[in-house]
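Asks: from the sequence below, what's the structure:
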Amino acid sequence: RLEGKVAIVTGGARGIGEAAVRLFEAHGAKVIIADVEDNLGNSLADSLSPDVTYAHCDVTSESDIETLVNSTVSEHGKLDVMFNNAGVLGNQSKRKSILDLDADEFDRIMTVNVRGTALGMKHAARAMVNGGGGGCIISTASVAGVMGGLGPPPVHALGSTRIVGLTKNAACELGRHGIRVNCNLAVRSGDEDAAGGDAEGERYCGGGAFSGE
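Replies: Numbering: from 1, shown residues only. As a prediction, the model looks like this:
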């Protein structure tokens, strides 16, 4: 179903991102794994077909995202699918209460999850519009963004709410160009403790802290 399509998956080295990479490749797409986990990303790309490649990309850096999208279009002539999946859940060893909100953690989650998603949308949309329209932009959010009491830290829920709102507005704007914009309201998977509990793994969990529908 994706034969001839070109897709970027941020946070694609493990977790949901890895699953998406494998699924897209199985359906015939050319896939670019974008992540900060170079060893995992290169290993995954090497284990799949030549249609899957790896590119280092820090989603908090606009220049990284712009370079990623531009190099993809330069090499393949287009971008059909942008999956904004990179994100962090937060330190799960802390109490999940608004009373214990950590300002530094708040800034980190907003920067990675919200800013990273917004920048991914921006540069993917530019490439798609400039390419004549059409395409799909998908972003990982969380059901905690629309329902309370589900357990994730409040700042994570806030970040997801912003991604949902951004998605709705981008969908209205980009629909005229034939670009579909969606987000998956995800539930907890089994990776969040491993990905969210230590300083290195928690930086970009590759979507491991989310599980898409």
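Asks: helices along the chain, start to end?
Replies: Listed in chain order, the helices of the chain (DSSP state H) span residues 15-26, 38-47, 62-76, 103-109, 116-130, 154-174, 192-196.
Asks: switch the ones you listed over to CSV; also include mean neighbour count, mean pLDDT and distance to A86.
Replies: Bear in mind the C-beta positions are built from the backbone N, C-alpha and C, glycine included. Listed next are those as CSV, based on neighbours: other C-beta atoms under 10 Å; pLDDT from 0 to 100; distance: least, C-beta to C-beta, whole Å:
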stretch, mean neighbour count, mean pLDDT, distance to A86
helix 15-26, 22, 96, 7
helix 38-47, 16, 98, 11
helix 62-76, 17, 98, 10
helix 103-109, 14, 91, 12
helix 116-130, 22, 98, 6
helix 154-174, 19, 90, 12
helix 192-196, 20, 35, 11
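Asks: how about the ones you listed in TSV, adding distance to L89?
Replies: Listed next are the helices of the chain as TSV, based on distance: least, C-beta to C-beta, whole Å:
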stretch	distance to L89
helix 15-26	11
helix 38-47	18
helix 62-76	21
helix 103-109	8
helix 116-130	14
helix 154-174	6
helix 192-196	4
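Asks: how about those, which one is nearest K5?
Replies: Set against K5 and scored by C-beta to C-beta, these come closest in helix 15-26, at 7.8 Å.
Asks: remind me what that closest one packs against, helices and strands.
Replies: Of the remaining helices and strands, those touching helix 15-26 by 3 or more C-beta pairs under 8 Å, 6 or more residues apart in numbering; DSSP states H and E are strand 6-10, strand 30-35, strand 81-84.
Asks: so which of those comes closest to V59?
Replies: strand 6-10 (5.5 Å).
Asks: for that closest one, packing partners?
Replies: Packed against strand 6-10 by the contact rule (3+ C-beta pairs under 8 Å, 6+ apart) you find helix 15-26, strand 30-35, helix 62-76, strand 81-84, helix 116-130.
Asks: what strands flank the second one, and is each parallel or antiparallel?
Replies: Yep, that's strand 30-35 we're talking about. Strand 30-35 sits in its sheet next to strand 6-10 (parallel), strand 52-56 (parallel), going by DSSP bridges.
Asks: so A127 is in contact with H76, correct?
Replies: No: under the criterion of C-beta atoms under 8 Å, A127 is not in contact with H76, lying 10.6 Å apart.
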